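heads up, no residue letters with this:
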């Protein structure tokens, strides 16, 4: 009897299609690298222009100059405004949005969310399937760690819709647990 030769992986032959795909891939890779290098150079150049422009706008010429009393007051006022804006930006926006997104909203549709970071308040406009759903939503907001003093500002039962949903507005104090969120 003759010995069996089982060859499950026949030898691969590289044909012109394979070589042309390889050459096309190499050309495409080189083109992408050149475009990326060009874009990086442009970005660095734009960054330099931006820094030069910022120095020109702020009046930073590299030398320290003493300020007049009027300029010092203006600079102090500008610094105070910048601190106010910085306080507003340091608010824990992510925690507020995560809390609202995590709440069960089967019977509630949030319509608008109007935060006032300066006053530490947030106003929520929503629509509920019924009064009980509205009250449950109000209770869950009161129980949250991020909001306190949740108040119902207004509510209205929409009579011209067959399901009679309730549109309502809430106001709440937006708490910050720590100074550096």
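The structure has been received and is ready for your questions. It should be emphasised that the depicted structure is a prediction, and the values quoted were computed from it without experimental measurement.

Return the distance of the lengthiest helix in the chain from the chain's centre.
In the chain, assigned by DSSP state H, the helix with the most residues is helix 16-58. Centroid separation for helix 16-58 versus its chain: 27 Å, with Cα atoms, centre = their mean, to the nearest Å.

and what of stretch 99-106?
Relative to its parent chain, stretch 99-106 has a centroid offset of 18 Å by Cα atoms, centre = their mean.

And it, what's buried?
Residues 99-100 are the ones in stretch 99-106 that count as buried (16 or more other Cβ atoms under 10 Å). Using the backbone N, CA and C atoms, a C-beta is placed for each residue, glycine as well.

End to end on that stretch, go ahead and measure it.
Using Cα to Cα, to the nearest Å, one end of stretch 99-106 lies 15 Å from the other.

got a list of contacts for it?
110, 113, 124, 137, 140-141, 144-147 (Cβ atoms under 8 Å, 6 or more residues apart in numbering).

With stretch 151-168 instead?
Stretch 151-168 is contacted from outside by 111, 123, 125-131, 133-134, 138, 169-172, using Cβ under 8 Å, 6+ apart.
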